[in-house]
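Peer 1: Here is my input, please return the structure:
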Amino acid sequence: MVLFKLKSRHWIVDEHDQIIIGEGRKEILETIEKTGSINKTAKIMKMSYKGVWSKIKATEKYLDKPIVHADRKTGTFLTEKGKELLKKYGMLKERCLQEDNKVFECVFSQKERVGGGGPE
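Peer 2: Numbering: from 1, shown residues only. This is a model prediction of the structure:
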């Protein structure tokens with residue numbers, strides 16, 4: 001018997017399906033927190049500086065608040081809103097994955113009991 005598991009990704013989008021935050025932006029924000037640099041973040045993620053910056057700006061535009069503070073004198077870091085967004089997205093993802101796994105187990109273990117999982 002082959003064992004398998006569910007993998008899922010979650011995006012928060014606006015009414016036009018424009019991404020507000022998902023795995024990529026989560027990684028951008030986490031990397032900025034670690035490096036203190038948009039430029040270093042772009043290099044680590046193999047993206048252009050402009051690409052990283054435009055994703056940050058798109059999210060900020062939707063939230064109408066800055067999520068990253070970038071200044072040559074004070075450095076680059078997440079604002080309180082940025083930290084809050086990252087924390088809430090992490091909580092959402094964790095809870096969604098828990099529920100996804102419950103549904104997956106229910107659906108696939110039920111098929112195993114009922115018909116062996118094969119075509120009926």
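Peer 1: can we go C-alpha only for contacts and neighbour counts from here?
Peer 2: Will do.
Peer 1: Go ahead and list the helix or strand containing Lys34.
Peer 2: Using DSSP states H and E, Lys34 sits within helix 23-35.
Peer 1: And that helix, what does it pack against?
Peer 2: helix 38-44, helix 49-63, strand 75-78, helix 80-115 (3 or more Cα pairs under 8 Å, 6 or more residues apart in numbering; DSSP states H and E).
Peer 1: Any idea which of those gets closest to Ile20?
Peer 2: helix 49-63 (5.0 Å; Cα to Cα).
Peer 1: how near is Ser48 to Lys102?
Peer 2: 39 Å (Cα to Cα, to the nearest Å).
Peer 1: So which bits of stretch 74-93 are buried?
Peer 2: For stretch 74-93, the neighbour count (16 or more other Cα atoms under 10 Å) marks Thr76, Phe77, Leu78, Gly82, Lys83, Leu85, Leu86, Tyr89, Lys93 as buried.
Peer 1: ok, the fourth one touching His69?
Peer 2: No. Counting by Cα atoms under 8 Å, Gly82 stays clear of His69, with 9.2 Å between them.
Peer 1: for Lys5, helix, strand, or coil?
Peer 2: coil (DSSP: H, G, I helix; E, B strand; the rest coil).
Peer 1: what's the pLDDT at it?
Peer 2: Residue-level confidence at Lys5 comes out at 83, pLDDT.
Peer 1: number of nearby residues for it?
Peer 2: 9 (other Cα atoms under 10 Å).
Peer 1: pLDDT weak spots in the protein?
Peer 2: 1-2, 110-120 (pLDDT under 70).
Peer 1: Next up, the contacts around Asp14.
Peer 2: Ile20, Tyr62 (Cα atoms under 8 Å, 6 or more residues apart in numbering).
Peer 1: mind redoing it with 7 Å?
Peer 2: Ile20 (Cα atoms under 7 Å, 6 or more residues apart in numbering).
Peer 1: Would you list the phi and psi of His69?
Peer 2: phi -100, psi 120 (degrees, to the nearest 10).
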